[in-house]
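Student: can't give you the sequence, but here's the structure:
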């Protein structure tokens, strides 16, 4: 599960902790912690969280997208959702 996306959804919806999310979704706290740590990723639990936030399951499980292109000068341009695109692109294009 993409924890960054989960944390953003929690923040946007006023969910202040994983314990709070556990209570709201009726997923046992220890099960939720295992899910966050990448252990025991049961699709039913991810679906429960997705339904709670009103998003698709794929939104919670997709990793950050990466686009790699080569421009007309044969410079490699890497774009990521993480915000490091321009720095990385400038380093590679020099």
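Tutor: Thanks, I have it. Note that the structure is a prediction, hence the values are computed from the model and not measured.
Student: Report pLDDT for residue 16.
Tutor: The confidence metric pLDDT takes the value 95 at residue 16.
Student: What helix or strand is it located in?
Tutor: Applying DSSP states H and E as the criterion places residue 16 outside every helix and strand.
Student: Contact partners for it?
Tutor: residue 10 (Cβ atoms under 8 Å, 6 or more residues apart in numbering). In this view, the C-beta of every residue, glycine as well, is placed from N, C-alpha and C.
Student: what's the distance between it and residue 40?
Tutor: Relative to residue 40, residue 16 is positioned 24 Å away (Cβ to Cβ, to the nearest Å).
Student: same deal with residue 30?
Tutor: Counting by Cβ to Cβ - residue 30 and residue 40 are separated by 10 Å.
Student: Give me the buried positions along the helix or strand where residue 19 lies.
Tutor: Here residue 19 sits within helix 18-25, counting by DSSP H and E. For helix 18-25, the buried set under the neighbour-count rule, 16 or more other Cβ atoms under 10 Å, comprises 18, 21-22, 25.
Student: Also stretch 40-56?
Tutor: Buried, per 16+ other Cβ under 10 Å, within stretch 40-56: 45-46, 49-50, 52-53.
Student: is it possible to export those residues to TSV including secondary structure, distance to residue 8 and pLDDT?
Tutor: TSV is the format used below for these (DSSP: H, G, I helix; E, B strand; the rest coil; distance: Cβ to Cβ, whole Å; pLDDT from 0 to 100):
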residue	secondary structure	distance to residue 8	pLDDT
45	helix	19	93
46	helix	16	92
49	helix	13	96
50	helix	14	93
52	helix	14	96
53	helix	10	93
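Student: could those residues go into TSV alongside distance to residue 59?
Tutor: As requested, those are exported to TSV (distance: Cβ to Cβ, whole Å):
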residue	distance to residue 59
45	15
46	10
49	10
50	7
52	12
53	9
